[in-house]
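Asker: got a structure for you, letters missing:
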Ligand code: UDP
């Protein structure tokens, strides 16, 4: 579809994967989990779902733990184990988001890439697609189920296998900048970028593995600020927000 196809009555996308980092589950500068931050996220996500777009949400865990904190040699916990701990952190966030969404009347399923019977379904592509077709928001936790990668890679992988129209990456800044906007006030915000621009300029969008996967299969990425009220809804509806990364610059 074209840019002009987006209008409030006619969302541009049929299916999206929304990646929410752990920082969405906590107030700025804090660690752990904050139930009101999660409810804020849930409200934005529920508002976006009203437009009929199928939504799969891939959850990060950096608010609790990232495996890379435990570099081999400095800890009795092996780095691989720490990555599994990081994946479990995403399940904690996923459970909180599920209940928060359901408190708002959304039909959801929590699916995990590692089996955690009793609290979540195992992730199965076909079943995930079926939930989406039935209008459920699926929450995908435990990343890829394998250590040494991040949930950005999981989000790219899920976007491809679920045949999403776009990967929406929710961050705490307005999009992709020429430099770190939190350190350099003169950093320029881009509205469009090609995958090549991102790689050549080494721009901070997602992990390199995730970018490579998206580039290889031409999966567009939208990087946008989830802290601005209404932005998840705008992104899901295909409105102009943040930075769009795709094959060629327009
Ligand atoms: N992780 C992993 N494999 C995956 C996804 C995540 O080992 O497929 C671990 C990894 O240690 C990562 C942590 O889980 O640092 C939490 O995920 P992430 O850092 O992506 O969370 P975010 O930065 O999005 O909050």
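Answerer: Now that the structure is in, tell me what you want to look at. Here the structure is a predicted model, which means the values were calculated and not measured.
Asker: contacts, neighbours, all on C-alpha from now
Answerer: OK.
Asker: counting by contacts, list what the worst-scoring helix or strand of the chain on mean pLDDT packs against.
Answerer: Every helix and strand in the chain was compared by mean pLDDT, DSSP states H and E; the lowest is helix 195-200, with a mean of 90. In this structure, helix 195-200 packs against no helix or strand, with contacts taken as 3 or more Cα pairs under 8 Å, 6 or more residues apart in numbering; DSSP states H and E.
Asker: anything in the top helix by length along the chain near the ligand?
Answerer: Longest helix of the chain, by residue count under DSSP state H: helix 79-103. Yes: shown here: helix 79-103 in contact with the ligand (Cα under 6 Å from any ligand atom) through 83-84, 86-87.
Asker: ok, and the closest non-adjacent residue to residue 14?
Answerer: residue 53 (5.1 Å; Cα to Cα, 6 or more residues apart in numbering).
Asker: run through the helices of this protein in chain order.
Answerer: For the chain, the helices defined by DSSP H cover 35-49, 79-103, 125-133, 151-161, 195-200, 208-216, 231-236.
Asker: now those in JSON lines, with mean neighbour count?
Answerer: As requested, the helices of the chain are exported to JSON lines (neighbours: other Cα atoms under 10 Å):
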{"stretch": "helix 35-49", "mean neighbour count": "20"}
{"stretch": "helix 79-103", "mean neighbour count": "22"}
{"stretch": "helix 125-133", "mean neighbour count": "16"}
{"stretch": "helix 151-161", "mean neighbour count": "24"}
{"stretch": "helix 195-200", "mean neighbour count": "17"}
{"stretch": "helix 208-216", "mean neighbour count": "18"}
{"stretch": "helix 231-236", "mean neighbour count": "24"}
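Asker: returning to that earlier point: need the residues of helix 79-103 next to the ligand in a markdown table with pLDDT, can you?
Answerer: Output for the residues of helix 79-103 next to the ligand, formatted as a markdown table (pLDDT from 0 to 100):
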| residue | pLDDT |
| --- | --- |
| 83 | 96 |
| 84 | 97 |
| 86 | 97 |
| 87 | 98 |
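Asker: would you mind naming what in this protein lies close to the ligand?
Answerer: 21-23, 60-63, 66-68, 83-84, 86-87, 143-152, 154.
Asker: are any of those residues buried, and which?
Answerer: Buried members of the residues of the chain next to the ligand, scored by 16 or more other Cα atoms under 10 Å, are 21-23, 60-63, 66-67, 83-84, 86-87, 143-145, 147, 149-152, 154.
Asker: before we move on, the earlier item: helices or strands up against the longest helix of the chain?
Answerer: Looks like helix 79-103 contacts helix 35-49, strand 54-59, strand 108-112, strand 137-141 (3+ Cα pairs under 8 Å, 6+ apart).
Asker: okay, the ones you listed in CSV with mean pLDDT next?
Answerer: Below are the helices and strands packed on helix 79-103 laid out as CSV (pLDDT from 0 to 100):
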stretch, mean pLDDT
helix 35-49, 94
strand 54-59, 98
strand 108-112, 98
strand 137-141, 98
